[in-house]
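Asker: Any chance you could fold what I've pasted below:
(chains A and B)
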Amino acid sequence: MPLHLYNTLSGKVEEFAPSQDNTVRMYACGPTVYDYGHIGNFRTFVAVDILRRFLRQSGHKLQHVMNITDVDDKIIRNAARDKKTVQEYTRKYEEAFLEDMGSLNLERPERLVRATEHIPAMAEFIAALEKKGFAYRTEDGSYYFRIAMFPEYGKLSKKDFGGMETGARVDVDEYEKDNARDFALWKSPKEGEAFWESSIGPGRPGWHIECSVMSMKYLGDSFDLHAGGEDLTFPHHENEIAQSEALTGKIFSRHWMHVRFLLVEGEKMSKSAGNFFTLRDLLVKGHKPSSIRFLLTSVPYRKQLNFTMAGLEQAAKSVERLRTFAARMRMMRLPAGTNPAAQEAAAKARREMRAGMEDDLNTAYASAAVFDMVREMNTLADHGELREGDKAPSLEVLELFDEIFAVMKDDDADKMKAAMEWAREHGLVGEAAKTISDEEVNRLIEERNAAKKARDFARSDALRKQLADGGIVLEDTKDGTRWKRK
RNA sequence: GGCGCGGUACCCAAGUGGUAAGGGAGAGGUCUGCAAAACCUUUAUGCGUCGGUUCGAUUCCGACCCGCGCCUCCA
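Answerer: Numbers count the residues shown, from 1 in each chain, chains lettered A, B, ... in the order given. Just a heads-up that it's a prediction; the model follows:
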C-alpha cells in the first residue's frame, strides 16, 4: 500500500507518490523570523517532519525546500524601530528557530532558503508577469497581481470569485488597485524603512511572491507537494498558485497539505488570552522536548489538537513507557530461542504501524500499534515466555517507530539545560537547579548496590533519595539497576 | 453571511453498516527488603440530540444543539 494523503486541492484523500526519480519534491512554508517560534508554529513543522520522515522510511528520496521569511512588513517596521538592519534583526530569530528545530528533532530540509537572497529573481518574476498582463504597476511603483486574469483563482480555498472582471465596479477601498482583491507583488518603499533596488524599481517583495520564486527555482515549475498551516490556504497559497500558474501555464504543486491549528487549553492561542507559549517558554518551565514532540504528533495533523499542560504530562508518561520498555528489552537476559507469539506481536505492530501512517499519516493509530506490542511483550516477559531471539524484532519495531516519531533517545536533559542557559543569559530565570553527571550517577548507584548487598537498606535508601533529589529515578531489576532522568 | 472541521468513558484519542483500539488517570491485586517498573482485573449496553433508511447504525441520510477554524500577510 502506498501513502494516501488528503489533498486540499481536490478535497479528497489521494494516493501520493513523487512524479519522477522516486524523489519527492516538496516545499513547506517556513517561519517568519520576527520572534521566537511558538508551539502552534511547531505543530505545523512537526507534521511536515513526520511526513518527510515517513516518505524516507518508505524508500523515497527527498528534495525538501523550506523558506525563511526574513522580510515582511512587521520585520521592516521592527528593525526600523530598533535601529537595526533587517539582517541584524532577523538573524538572531533565525538562529533561534534552527536551535528549536534541533530541540524537537526536526530534520533539516535539504534546502533552507532566505527570501532576502532571492530578491532579483522575484523582480524578474514580477516583470515576466507584467509582460503577460497578469501584473500591473501602480503610480507609486508598487506591483499588483490582476486576479481577474486568472479564472481559476479560488480553486484551492474553494472560494467563488465569479463575476469579478477587469474594470468591474466593485467596492474598492484601495483606489489604486484595479480590483480590491488584487494582491501586492511588490511594494514601493516607505519613508524611513528598508527597501531593495531591483530591475523593477526600488521596494520590497510581497509575501506570496517569495514562495513562488523560491519553490520553483529549486523544485521546478511543477512539483509534488506544498505544505503549510491551514491559515495559509487563503490567501497565501491561493496567491502562489495564481502567480506561478499564470506565468508557466503549468500545474504549480500537485498536492497541498494543510495542518490544522492547535488550541491551547481549549482556546485559540493568543498573547492577549495568556495562553501563548513559545517552545522556549515550555522548556524553561521544565517540559521535555520529547513530551512536546510526542503531544504534537499524537493527534493526526488534520484534527484540531488541544494543547494542554495535562496533555504534556500524559505525553511524558507515554514516552517514558516506551523508553522503559526499550531499556528492559536491552537489559533482560533470556533463554535462547524464539517465541512465535512474540514474533507475531512484533510483525503485527510493524504492519499496523505502517498501515496507520499510510492512511493519511494516522499517527494515533500507528503509535497505538506500538503500545499494543509493548504490552504483549511485557506480558510474555513477566510470564517468562520471552526468548532471546524475540528482543531484536521488538527493538526493530521501536526503531522504525522512532525513525518517524523521534522521541526515544533520552537527550532531553541536555536540551533543557541549553534552554535554561539561554533563559539565564536573557535574564528570564534565576540559577538553574544543579544537575548530576552521568559518571556521578553511576558511582552513586554502585555505592548503593554495595550497601544493598550488605543489607544496609538505610544507607541504600539514603543514596536513592540523594539521586532522586537530583532528578534521577532508579529501577532495580533482576538484571541490574536502571536509571533515568525525571 | 460564505466555505470547512469536529462532538466517542474522568482526560487525550482511534475506528467500523454487525455490535467500541491505544495512552493517561482512578480502584483492587501480583511481584519486590522498600520503591520503581511491569503484569492482571476493573471504569462507555454506550459513541451530542431527535427522526429516517436497514435484519441491524456510533458508523449512511435529514433536522437541530454545541464547539472550533478560515474568509484580516496569525503555523
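Asker: is it true that A:Asn275 lies in a strand?
Answerer: No. A:Asn275: not assigned to a strand; according to DSSP: H, G, I helix; E, B strand; the rest coil it is coil.
Asker: okay, now it: neighbour count?
Answerer: Other residues lying near A:Asn275 total 17 when counted by other CB atoms under 10 Å. Backbone N, C-alpha and C define where each C-beta goes, glycine included.
Asker: And A:Asp21, by the same measure?
Answerer: Neighbours of A:Asp21 under the rule other CB under 10 Å: 10.
Asker: Could you do A:Lys83 as well?
Answerer: Neighbour tally, A:Lys83, other CB under 10 Å: 8.
Asker: In terms of pLDDT, where does it sit?
Answerer: At A:Lys83, the pLDDT value in this model is 91.
Asker: what's near enough to touch the residue in the stretch 51-200 of chain A positioned nearest to RNA strand B?
Answerer: Proximity of the stretch 51-200 of chain A to RNA strand B (CB to the nearest atom of the strand) peaks at A:Lys158, 4.1 Å away. Neighbouring residues of A:Lys158 by CB atoms under 8 Å, 6 or more residues apart in numbering: A:Gly11.
Asker: pretty sure it is in a strand, no?
Answerer: No. Assessed with three-state DSSP, A:Lys158 is coil; it does not lie in a strand.
Asker: And it, how far from A:Gly11?
Answerer: From A:Lys158 across to A:Gly11, the span is 7 Å (CB to CB, to the nearest Å).
Asker: likewise A:Gly229?
Answerer: 18 Å.
Asker: Same drill for those two, tell me which one is more crowded.
Answerer: A direct count of neighbours by other CB under 10 Å for A:Gly229 and A:Gly11 places A:Gly229 higher, at 21 against 10.
Asker: can you tell me which residues contact the nearest residue to the more buried one once chain neighbours are set aside?
Answerer: Using CB to CB, 6 or more residues apart in numbering and skipping the chain neighbours, the partner closest in space to A:Gly229 is A:Thr44 (4.5 Å). Neighbouring residues of A:Thr44 by CB under 8 Å, 6+ apart: A:227-229, A:259.
Asker: Which one of those is nearest to RNA strand B?
Answerer: Once CB to the nearest atom of the strand is applied, the member of the contacts of A:Thr44 that ends up nearest RNA strand B is A:Gly229, at 1.3 Å.
Asker: isn't that closest one right next to A:Phe261, touching?
Answerer: Yes. In this structure, A:Gly229 is within contact of A:Phe261 by CB atoms under 8 Å, at 6.8 Å.
Asker: So for the two, which residues contact both of them?
Answerer: A:Gly40.
Asker: sorry, back to before: any idea how far RNA strand B is from the residue nearest to A:Gly229?
Answerer: 4 Å (CB to the nearest atom of the strand, to the nearest Å).
Asker: Need the pLDDT of that residue.
Answerer: 96.
Asker: just for chain A, where's the confidence low?
Answerer: A:162-176, A:430-434 (pLDDT under 70).
Asker: So A:Tyr449 is in contact with A:Thr481, correct?
Answerer: To be clear, residue A:449 is Asn; Tyr isn't right here. Yes. With contact defined as CB under 8 Å, A:Asn449 counts as touching A:Thr481 (6.4 Å).
Asker: Domain-wise, how is chain A divided?
Answerer: A:4-259, A:267-405, A:433-485 (automatic domain parsing).
Asker: can you put those in CSV and add distance to A:Ala413?
Answerer: Below are the domains of chain A laid out as CSV (distance: least, CB to CB, whole Å):
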stretch, distance to A:Ala413
domain A:4-259, 12
domain A:267-405, 8
domain A:433-485, 5
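Asker: Among those, which comes closest to A:Gly427?
Answerer: Nearest to A:Gly427 among the domains of chain A is domain A:267-405 (12.0 Å), distances taken as CB to CB.
Asker: Any idea how far apart the tips of that closest one sit?
Answerer: End-to-end distance for domain A:267-405, by CA to CA, to the nearest Å: 26 Å.
Asker: before we move on, what about stretch A:245-259?
Answerer: OK, stretch A:245-259 end separation, CA to CA: 23 Å.
Asker: Any part of that stretch near RNA strand B?
Answerer: Yes. Using CB under 7 Å from any atom of the strand, we find that stretch A:245-259 touches RNA strand B at A:Val259.
Asker: I'd like the distance between A:His460 and A:Glu446.
Answerer: For residue A:460 the amino acid is Ser, not His. Counting by CB to CB, the gap from A:Ser460 to A:Glu446 is 11 Å.
Asker: which one of these two has more residues nearby?
Answerer: A:Ser460 (20 against 12).
Asker: Once you drop chain neighbours, what's closest to that one?
Answerer: In space, A:Ser460 is closest to A:Ala451, 4.1 Å off (CB to CB, 6+ apart).
Asker: A:Asn67 too?
Answerer: A:Gly30 (4.7 Å).
Asker: and what of A:Pro2?
Answerer: Closest to A:Pro2 by CB to CB, 6+ apart is A:Glu15, at 5.4 Å.
Asker: before we move on, the earlier item: separate out the buried members of the contacts of A:Thr44.
Answerer: Using 16 or more other CB atoms under 10 Å as the burial test, the contacts of A:Thr44 include A:227-229, A:259 as buried.
Asker: can you redo those residues as JSON lines with secondary structure?
Answerer: Listed next are these as JSON lines, based on three-state DSSP:
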{"residue": "A:Ala227", "secondary structure": "strand"}
{"residue": "A:Gly228", "secondary structure": "strand"}
{"residue": "A:Gly229", "secondary structure": "strand"}
{"residue": "A:Val259", "secondary structure": "strand"}
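Asker: just the strands in the stretch 1-150 of chain A please.
Answerer: A:4-7, A:12-15, A:23-28, A:61-68, A:111-114, A:135-137, A:143-145 (DSSP state E, counting those that start in this stretch).
Asker: which one of the ones you listed is the most hemmed in?
Answerer: Ranked by mean neighbour count, the strands of the stretch 1-150 of chain A are led by strand A:143-145 with a mean of 26 (mean count of other CB atoms under 10 Å).
Asker: Contacts for the helix or strand just after it, please.
Answerer: Proceeding N to C from strand A:143-145, the next assigned helix or strand is strand A:184-187, under DSSP states H and E. For strand A:184-187, the external contacting residues (CB under 8 Å, 6+ apart) are A:122-123, A:126, A:129, A:135, A:142-145, A:198, A:200-201, A:203-206, A:208-209, A:243.
Asker: Strand A:184-187: how far from the chain's middle?
Answerer: 29 Å (CA atoms, centre = their mean, to the nearest Å).
Asker: Parallel or antiparallel, which strands does it pair with?
Answerer: strand A:143-145 (antiparallel), strand A:204-205 (antiparallel) (DSSP bridges).
Asker: Would you convert those into JSON lines that also reports distance to A:Glu320?
Answerer: Shown next, in JSON lines, are these (distance: least, CB to CB, whole Å):
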{"stretch": "strand A:143-145", "distance to A:Glu320": "52"}
{"stretch": "strand A:204-205", "distance to A:Glu320": "47"}
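Asker: who wins for proximity to A:Val113 among these?
Answerer: Of the strands paired with strand A:184-187, nearest to A:Val113 by CB to CB is strand A:204-205, at 13.4 Å.
Asker: hmm, who's touching that closest one?
Answerer: A:71, A:76, A:115, A:119, A:122-123, A:185-187, A:189, A:194-196.
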